[in-house]
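Peer 1: Build me a model from this:
(one chain, ligands or ions: 2)
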Amino acid sequence: MSERTLAIIKPDAVKKNVVGDIINRYEQAGLKPVAIKLIQMSQSVAEGFYAVHKARPFFGSLCSFMSSGPAVVLVLQGDNAIKKNRELMGATDPAKADAGTIRKAHGANIEFNAVHGSDSPETAQFEIGYFFPGMEIFS
Ligand code: ADP
Ligand code: MG
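Peer 2: Ligands and ions are numbered 1, 2, ... in the order given. Below is the predicted model of the structure:
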């Protein structure tokens, strides 16, 4: 079933000039970008996005990282897009990510791990709406 997921190419990956490589991986896997933009989040925008993690010890550091430079936010559409993107990304900790995944290739550590992907239909709906009004999404 075709669905949509929210992906972010995080500031570490933008700095490393691997935006093209990562988007190529999405497209090769059948995940079509239907919305895309380069943005720099403020600390409070990052805090709103990651509100579910606000009790975690890494929350402040994570939000500083996510607002430290420009990031690419995308809506990806395709069959099983949410699960497929999580598979492409690999484990949260790049050291534990499978060979061939984005985080294995481009992540530095459990925090600076190159990409974000929604983890369920409910979070995808929230996350897509957080960054994109309907008129900026194409299909
Ligand atoms: P994922 O991005 O794989 O869904 P989580 O939702 O658990 O992982 O965490 C959100 C983000 O917070 C991670 O992608 C990573 O950047 C950061 N993070 C997660 N766990 C840690 C940790 N133990 N220490 C520092 N940063 C972390
Ligand atoms: Mg998550």
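
Peer 1: what distance separates the one helix or strand Leu74 maps to from the centre of its chain?
Peer 2: Element membership for Leu74 (DSSP states H and E) is strand 71-79. Centroid separation between strand 71-79 and its chain, computed with Cα atoms, centre = their mean, to the nearest Å, is 8 Å.

Peer 1: who does that strand pair up with?
Peer 2: strand 2-9 (antiparallel), strand 32-39 (antiparallel) (DSSP bridges).

Peer 1: Quick check: buried residues in it?
Peer 2: Ala71, Val72, Val73, Leu74, Val75, Leu76, Gln77, Gly78 (16 or more other Cβ atoms under 10 Å). In short, each C-beta sits where N, CA and C put it, glycine included.

Peer 1: Pick out the most distant pair among these.
Peer 2: Longest distance between any two of the buried residues of strand 71-79 is 21.4 Å, between Ala71 and Gly78; criterion Cβ to Cβ.

Peer 1: OK, contacts around Ile22?
Peer 2: Ile22 is in contact with Ile9, Ala13, Ile102, His106, Ala114, Val115, counting by Cβ atoms under 8 Å, 6 or more residues apart in numbering.

Peer 1: Any chance of those residues in JSON lines with neighbour count and distance to Phe131 as columns?
Peer 2: Output for those, formatted as JSON lines (neighbours: other Cβ atoms under 10 Å; distance: Cβ to Cβ, whole Å):
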{"residue": "Ile9", "neighbour count": "27", "distance to Phe131": "13"}
{"residue": "Ala13", "neighbour count": "25", "distance to Phe131": "17"}
{"residue": "Ile102", "neighbour count": "26", "distance to Phe131": "19"}
{"residue": "His106", "neighbour count": "22", "distance to Phe131": "21"}
{"residue": "Ala114", "neighbour count": "26", "distance to Phe131": "18"}
{"residue": "Val115", "neighbour count": "25", "distance to Phe131": "15"}
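
Peer 1: I appreciate the help and will end here.
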